[in-house]
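[1] When you get a sec, could you give me coordinates for this:
(2 chains)
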There are 2 protein chains.
Amino acid sequence: MEIKVLHQVMDWNEDVSEEVKSTLSSHHICMVNVMGSPGAGKTTLITSLINKLKKDYRAGVIEGDIAGQVDAERIASLGVPTVQLNTDGACHIEAMSIQHILPELSLDDLDVIFVENIGNLVCPAEFRIGESVRITILSIPEGDDKVEKYPLMFTDTDCLALNKYDMMPYFDFDESRVCANYETVNPDAPLFRISSRTGEGVQDLADFIADKIEEAKA
Amino acid sequence: MEIKVLHQVMDWNEDVSEEVKSTLSSHHICMVNVMGSPGAGKTTLITSLINKLKKDYRAGVIEGDIAGQVDAERIASLGVPTVQLNTDGACHIEAMSIQHILPELSLDDLDVIFVENIGNLVCPAEFRIGESVRITILSIPEGDDKVEKYPLMFTDTDCLALNKYDMMPYFDFDESRVCANYETVNPDAPLFRISSRTGEGVQDLADFIADKIEEAKA
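    Got it, this is the predicted structure:
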């Protein structure tokens, strides 16, 4: 019974996701869904990407959190339009929430919207929210077994950012294990080795996102 | 509608959780529900605790994973009875799953059962599984804002293990922020500073669990 209900909810979610996608497409906006564990570095990465992209593109942010607005305050300090979405306990963002929140942003003045999803390696991957691009972040301290243990998050993404790469010397992290597993489940998606803190590798990921923004503008 | 369904499922879960608790109680077994983000160090902590407790108590493990059995193999190598519970995509363990799996363990030969929940700071906290004790693990690399952002996981636990404490020098982690927030939402529950890797602080947590095992035996 439980599975059946989940299925209904997700069918509904897919429909709304397509509506959101259509709205964004009519405004030539690229939406980027940023997913990863709690503490993987989602907010810092979004901040770094916006800093790289802002000379060419106008960015907005939807900041998802179960509670609070700590991250939204960090993002808003960059001077970009930011909306806080509190899920009030829910472990992922659904398309309906994005649909409700979009009118809060001035869509004619944006080229890209970053959505920071709830910190969670499971549920967010199951719910499309109208995005054009998905970034899954895995940080080095989380360990090298995550692709095997949370497969959907790595299968159903457009790229993988290996974050906190500068911490590699301090952790037992077998990079070849992650690369091999990722290539098996998602052979065509790129992998970026980055440190949002030091800036290492962020430009390559920013270039990847810039291509997606150009596709949405075309 | 979605919230209503979730509520029904959780009511049902509470009933089954009480049944599991009653079964365990009749066998004088303490069940420990270990929760935390992906990569927080749940498996390693369970391994360390079993090594500390095994001279006095007989331990079993239920190893929850969405997919695979990487962790179960690590635990089983300790020579303790281990059952793998694959949730096949679900982001938390429910009491019904524990009820189904208990007959796989020889309950008359156990004093404590550790359940490693799915790596997730959200949903596991919402579902009781018949446990006597909850351990929430927060690892230093995850950051110092997690109590504010994932409140239920820290409110509804019997203790907090600050894990990977040996990594403190490499991360910007304001310990006083975590302590203050934790004390606000859960004033009576202890906090343990530990490193499962170096062994630092694990004995204190093992002593805490030993007291709970004694309570279950009484």
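[2] which bits of chain A sit near chain B?
    With CB under 8 Å from any CB of the partner chain as the criterion, chain A meets chain B at residues A:2, A:5, A:9, A:37-39, A:65-68, A:70-71, A:89-91, A:118-123, A:126, A:139, A:141-143, A:145-146, A:148-152, A:164, A:167, A:170. Just so you know, the C-beta spots here come from the backbone N, C-alpha and C atoms, and that holds for glycine as well.
[3] and the spatially closest residue to A:Arg134 that is not a sequence neighbour, what pLDDT?
    Using CB to CB, 6 or more residues apart in numbering or on different chains and skipping residues adjacent in sequence, the residue nearest A:Arg134 is A:Thr157, 4.4 Å away. Looking at A:Thr157, its pLDDT stands at 98.
[4] quick one: contacts for A:Thr157?
    When contacts are counted by CB atoms under 8 Å, 6 or more residues apart in numbering or on different chains, A:Thr157 is found next to A:Met35, A:Ala125, A:Arg134, A:Ile135, A:Thr136, A:Asn186, A:Ala189.
[5] sec struct for the most centrally placed residue in chain A, please.
    Centroid check for chain A by CA atoms, centre = their mean gives A:Val34 as the closest residue, at 0.8 Å. Of the three states, A:Val34 takes strand according to DSSP: H, G, I helix; E, B strand; the rest coil.
[6] burial measure for A:Val32, as a count.
    22 (other CB atoms under 10 Å in any protein chain shown).
[7] Likewise for A:Ala218?
    By other CB under 10 Å, the residues close to A:Ala218 number 6.
[8] Contact partners for it?
    Listed by CB under 8 Å, 6+ apart, the contact set of A:Ala218 is empty.
[9] State the distance from it to B:Ile75.
    52 Å (CB to CB, to the nearest Å).
[10] Report the contact partners of the residue nearest to the centre of chain A.
    Residues near A:Val34 by CB under 8 Å, 6+ apart: A:Lys42, A:Leu45, A:Ile46, A:Phe114, A:Val115, A:Glu116, A:Asn117, A:Ile135, A:Ile137.
[11] and the fifth one, that's in a strand?
    Put plainly, it is A:Val115. Yes - A:Val115 forms part of a strand when assessed by three-state DSSP.
[12] Tell me the pLDDT of it.
    If you check A:Val115, the pLDDT there is 97.
[13] hang on, isn't it packed against A:Ala95?
    No - using CB atoms under 8 Å, A:Val115 is not in contact with A:Ala95, being 10.7 Å away.
[14] So which of these two has more stuff around it?
    Using other CB under 10 Å, the more surrounded residue of A:Val115 and A:Ala95 is A:Val115, with 27 against 22.
[15] ok so, going back, overlap in contacts of A:Val115 and A:Ala95?
    Common neighbours of A:Val115 and A:Ala95, counting by CB under 8 Å, 6+ apart, are A:Ile129.
[16] before we move on, the earlier item: kindly write the ChimeraX command that selects the buried subset of the residues of chain A next to chain B.
    To isolate the buried members of the residues of chain A next to chain B in ChimeraX, using 16 or more other CB atoms under 10 Å in any protein chain shown:
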select /A:5,9,37,38,39,65,66,68,71,89,90,91,118,119,120,121,122,123,126,139,141,142,143,145,146,148,149,150,151,152,164,167,170
